[in-house]
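Peer 1: Here's my sequence, what's the structure:
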Amino acid sequence: VKHLALVAVACRHIVRVRPDVVIVQNYVLPELEIPVLLAARRHRARSAVVAHEPQTPHAPRQHRRLLATELQRADLVVCYSRFVAGALLAAVGKVPVEIIPLPVISAVVNKVGEVASVVPVGSDPLALHFGHLHRSYKGTSVVTELARSGVRGWRLALVGTGAPMRLDGATCVSRFLTDAEVANTVAAAEVVILPYTHAAQSAAVALAQALGCVVVATSVGGIPEQVPHGTGLLLDPQAPPSRWRE
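Peer 2: Here you go, the predicted model:
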């Protein structure tokens, strides 16, 4: 219902403002978003759909034809990785695609120095696992196993909503962080650990790199495009915790 209400407001806004460009930032339900693109076309606005994933989050098989219709209504489809672009073209057919790097959110990066890291300072280097850790694809179980068995010479921290409330061998902060807290906590780490099970691309990778961290992640989806050889370390998705410890 909220999504439908947003679409209705967007269509009315297009009629009132007559913008030059309309951008649909990702898709949820194509049948509700198509009217936005039709409204843009009727009022001579160019339109772009930014595709974060190669399929819809809900019932992707049933929505494939509608997603193809949505993307064909747009003047441009923007993807943040070749992985997404290739999978999207294979799924929905030929559409005008442009690939650009995932942008770094400068409003977050610029907050370095405003507050302290939520992870206390220590003498050993910090390996950080952060983000929306309630999402299973983040691979948080790998990091919790590392914490329980210990990694000599390193401090481990799990930070973000869904992090354990308490975990032997690691500092845990289980809540949403402000932009300033995120920036300063990531900037305080030497390494960011991201054992994804799948990922189209990663804002956590982009932020970590912008703040000077070495990224250690799994080689899945669009991650290898963000972590080219020599800039970080990519592990096989089947790598056991012992390999992550090494």
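Peer 1: how about the strands of the chain, start to end?
Peer 2: Using DSSP state E, the strands found in the chain span residues 21-25, 46-51, 76-79, 97-99, 126-130, 155-159, 171-173, 191-194, 214-218, 232-235.
Peer 1: biggest helix in this structure by residues?
Peer 2: Criterion DSSP state H: the longest helix present in the chain is helix 2-17.
Peer 1: can you pull the buried residues of it?
Peer 2: By 16 or more other Cβ atoms under 10 Å, the buried positions in helix 2-17 come out as Val7, Ala10, Cys11, Ile14. For glycine as for every other residue, the C-beta is placed from the backbone atoms N, C-alpha and C.
Peer 1: can I get those in JSON lines with distance to Ser219 and pLDDT?
Peer 2: Formatted as JSON lines, the buried residues of helix 2-17 follow (distance: Cβ to Cβ, whole Å; pLDDT from 0 to 100):
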{"residue": "Val7", "distance to Ser219": "37", "pLDDT": "93"}
{"residue": "Ala10", "distance to Ser219": "38", "pLDDT": "95"}
{"residue": "Cys11", "distance to Ser219": "42", "pLDDT": "96"}
{"residue": "Ile14", "distance to Ser219": "42", "pLDDT": "97"}
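Peer 1: Reformat these as CSV; add distance to Val142.
Peer 2: Formatted as CSV, the buried residues of helix 2-17 follow (distance: Cβ to Cβ, whole Å):
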residue, distance to Val142
Val7, 39
Ala10, 40
Cys11, 44
Ile14, 45
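Peer 1: ok, of those residues, which one's closest to Val78?
Peer 2: Ala10 (17.9 Å; Cβ to Cβ).
Peer 1: circling back to that earlier point, what is the nearest of the buried residues of helix 2-17 to Val143?
Peer 2: Looking across these and measuring by Cβ to Cβ, the closest to Val143 is Val7, at 38.4 Å.
Peer 1: Any figure for the gap between the closest one and Val28?
Peer 2: To Val28, Val7 is 10 Å away according to Cβ to Cβ, to the nearest Å.
Peer 1: what's the answer for Gly139, then?
Peer 2: Counting by Cβ to Cβ - Gly139 and Val28 are separated by 25 Å.
Peer 1: ditto for Glu190
Peer 2: 37 Å.
Peer 1: Thr69 now?
Peer 2: Distance from Thr69 to Val28, by Cβ to Cβ: 15 Å.
Peer 1: Next: Val191.
Peer 2: 34 Å.
Peer 1: okay, the two: which has more neighbours?
Peer 2: Each of Val191 and Val28 has its neighbours counted (other Cβ atoms under 10 Å); Val191 has more, 18 against 14.
Peer 1: hang on, that one packs against Val216?
Peer 2: Yes. In this structure, Val191 is within contact of Val216 by Cβ atoms under 8 Å, at 5.8 Å.
Peer 1: Mutual contacts of the two, please.
Peer 2: Shared contacts of Val191 and Val216 (Cβ atoms under 8 Å, 6 or more residues apart in numbering): Ala127.
Peer 1: The residue lying closest to Phe130 once chain neighbours are set aside - how many residues pack around it?
Peer 2: In space, and not counting its chain neighbours, Phe130 is closest to Val159: 4.4 Å by Cβ to Cβ, 6 or more residues apart in numbering. Neighbour count of Val159, defined by other Cβ under 10 Å: 25.
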